[in-house]
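# Okay, sequence plus prediction incoming.
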Amino acid sequence: MSTETDVSLSSYDDQAPFVCIVMVGFAAIVAYGLYRLKSRGNYKMSLHLNHMRVAAQGFVVGSMTAGMGYSMYREFCAKPKL
């Protein structure tokens, strides 16, 4: 019985805060988009939805990139050298 899965699963625990940040940010962008839907002026609905989609996707991709960068920093740069 090998415990290799325990070692690999521990890396997911380190990134758990980033998952929460991404989910809250995505929900905030969606909520803001729904709020602004009422006062979008003479914008077309499709244009408004496209702008909100791009904002939400950009936030998620940016957060994932920041999370992976932080994880790589901790793995390769911040480890004490033995």
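Thanks, I have the structure now.
# Could I get the full set of helices for this structure?
Taking DSSP state H to define them, one finds helices in the chain at 4-14, 16-37, 45-72.
# Any idea which of those helices gets closest to Lys79?
For Lys79, the closest of the helices of the chain is helix 45-72, at 11.1 Å, according to CB to CB. Where C-beta positions appear, they are placed from N, C-alpha and C, glycine not excepted.
# Next, format the helices of the chain as CSV and append distance to Ala78.
Formatted as CSV, the helices of the chain follow (distance: least, CB to CB, whole Å):
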stretch, distance to Ala78
helix 4-14, 12
helix 16-37, 16
helix 45-72, 10
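# JSON lines for these, including mean neighbour count, distance to Lys79 and mean pLDDT?
Below are the helices of the chain laid out as JSON lines (neighbours: other CB atoms under 10 Å; distance: least, CB to CB, whole Å; pLDDT from 0 to 100):
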{"stretch": "helix 4-14", "mean neighbour count": "9", "distance to Lys79": "13", "mean pLDDT": "53"}
{"stretch": "helix 16-37", "mean neighbour count": "13", "distance to Lys79": "19", "mean pLDDT": "83"}
{"stretch": "helix 45-72", "mean neighbour count": "13", "distance to Lys79": "11", "mean pLDDT": "87"}
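# leaving aside the residues next to it on the chain, what's closest to the residue sitting nearest the centre point of the chain?
Centroid-nearest residue in the chain, with CA atoms, centre = their mean: Val22, separated by 3.2 Å. Using CB to CB, 6 or more residues apart in numbering and skipping the chain neighbours, the partner closest in space to Val22 is Ser63 (4.4 Å).
# what does Gly25 give?
Spatial nearest neighbour of Gly25, excluding adjacent residues (CB to CB, 6+ apart): Phe59 at 5.1 Å.
# Ok, Met52 next?
Nearest to Met52 is Gly33, by CB to CB, 6+ apart, at 3.6 Å.
# ok, that neighbour - contacts?
48-49, 52, 55-56 (CB atoms under 8 Å, 6 or more residues apart in numbering).
# switch the cut-off to 10 Å
40, 48-49, 51-53, 55-56 (CB atoms under 10 Å, 6 or more residues apart in numbering).
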